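Asker: sequence? don't have it. structure:
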Ligand code: TGC
Ligand code: FAD
């Protein structure tokens, strides 16, 4: 009873293990208790609700698939996806915070870091004692991160880091930043930059109409001395940050389903209750068309995400398969949010209902982690062998 209604038209629950369902239901009831009642107010105020950090850690949202020896939850990829789905049912901005912490900060330290770095940072990131951010995008290099100009020079006992990153989730409050920069040979490496290092500032980006409950900012490096032990030693090149994106994009493919489900549930309930011309609007063909198409698209997206999760558990999912799911599922969610908003009429534009917040949030989700266009071009490259980017 304390759970949301959750459409499951094709009995996808039967494909889940008891552990998947336990993890999902714990996340679902936590979101209903701790996020849904407060999130609209924080979004209106354009503020991240710091008080939920501890709860996010407790439901396993920080490093769901990172091994328990480093403080992670040690879960499989389907559990990770289900946690993202439930969090984004509440708000895409809250899911962003956990995506960044897990897949863009903990993942590179786990995969590309050495044992000392893992032990130093991962348990604190898993518990939420440290919050992290991921600096790849620059003012002049968004879809084309390979063109980045942020750079570091070897100064003997330290590196000297210069440059700037833009549109960085969690930047204004992050304790640590995983920053991608080029060395003197132009090779991309990851560096762990800590708040407090001289010359490192994180100004907040204001006036967003989207992801208002998530803090976004810049990372500015003005001759920052970074200790040599803060370089991630085990992978370099553009493939290193892109590997992190694979993991985050997979989580978004699930997360978008959560936002879509919340919009669908809200619109369905409203359509059954709202009476015009002496009958519920849900009894009209036009509104039924919208609702029937929504549940069809949600069901297709669930199957795509579940199958991708199975492939990831087997270590067989390709980056191009992940791109297809991220692109399809976010597009599905944004279209459902727009249609659901119309079903609510004037009520749909108010903060009394979550739909317009989801709709505005999804405008960021369809842009970050690779835009809608870029993911289409990744599929295009995969099936034809020709790169249309360059
Ligand atoms: P390209 O020549 O194709 O590749 C360079 C190297 O990378 C390898 N690679 C990958 N490795 C792992 N995972 C992937 N998904 C990979 N895709 C490519 C590739 O094999 C190659 O390796 P090597 O060893 O041969 O050097 O690179 P390109 O310059 O042509 O660019 C390809 C393109 C356009 C697909 C890529 O740049 C891209 O994905 N652009 C989109 C940028 C993006 O997604 N930015 C996201 C920033 S982070 C963010 O938005 C966080 S929001 C967080 C939140 O709040 O949730
Ligand atoms: P551009 O790359 O300038 O693209 C503009 C338009 O051109 C898009 O429609 C795009 O699809 C299209 N386009 C670009 N190249 C091509 C091409 N070759 N062919 C056809 N069309 C093309 N980044 C981080 O590193 N860390 C973060 O934590 C982070 N968080 C974010 C949070 C928010 C709220 C937002 C909005 C963004 C965030 N980003 C983050 C940045 C995000 O990844 C970029 O915005 C995204 O990659 C697109 O880059 P851009 O905004 O520079 O757009």
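Answerer: Okay, I see it. Since this is a predicted model, take the numbers as computed values, not measurements. Residues are numbered from 1 along each chain as shown. Ligands and ions are numbered 1, 2, ... in the order given.
Asker: use CA for all of it now, contacts and neighbours both
Answerer: Will do.
Asker: How about the residues of the stretch 151-300 of the chain by ligand 1?
Answerer: 169, 237-239, 242-243, 246 (CA under 6 Å from any ligand atom).
Asker: Quick check: ChimeraX command selecting the buried ones in those residues.
Answerer: Those of those that count as buried under 16 or more other CA atoms under 10 Å are selected in ChimeraX with:
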select :169,237,238,242,243,246
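Asker: Return the member of the residues of the stretch 151-300 of the chain next to ligand 1 nearest to ligand 2.
Answerer: Closest to ligand 2 out of these is residue 169 (3.8 Å), distances taken as CA to the nearest ligand atom.
Asker: Which residue comes closest to the closest one once chain neighbours are left out?
Answerer: residue 216 (4.4 Å; CA to CA, 6 or more residues apart in numbering).
Asker: The stretch 251-390 of the chain: strands as residue ranges?
Answerer: Assigned by DSSP state E, counting those that start in this stretch, the stretch 251-390 of the chain shows strands spanning 275-276, 279-280.
Asker: All the helices of the stretch 1-150 of the chain, in order from the start?
Answerer: Using DSSP state H, counting those that start in this stretch, the helices of the stretch 1-150 of the chain run over residues 18-30, 36-45, 53-58, 77-90, 92-99, 107-112, 115-127.
Asker: do you know which of those lies nearest ligand 1?
Answerer: helix 92-99 (3.7 Å).
Asker: Could you name the helices and strands sitting against that closest one?
Answerer: Helix 92-99 is packed against helix 77-90, helix 239-273, helix 355-365, with contacts defined by 3 or more CA pairs under 8 Å, 6 or more residues apart in numbering; DSSP states H and E.
Asker: ok, and what's touching the shortest one?
Answerer: So the one you mean is helix 355-365. 40, 43, 91-93, 209-212, 259, 262-263, 266, 330, 333-334, 337-338, 340-341, 348-351 (CA atoms under 8 Å, 6 or more residues apart in numbering).
Asker: and residue 95, how far is that from residue 183?
Answerer: 32 Å (CA to CA, to the nearest Å).
Asker: Of the two, which one has the most company?
Answerer: The neighbour comparison of residue 95 against residue 183 (other CA atoms under 10 Å) goes to residue 95, with 25 against 17.
Asker: Mind pulling up the pLDDT for the more buried one?
Answerer: pLDDT recorded at residue 95 is 98.
Asker: Use 30 as the first number from now on
Answerer: Shifting the count to begin at 30 puts that one at residue 124.
Asker: Could you pull up the residues touching it?
Answerer: Residues counted as contacts of residue 124 (CA under 8 Å, 6+ apart) are 113, 116-117, 284.
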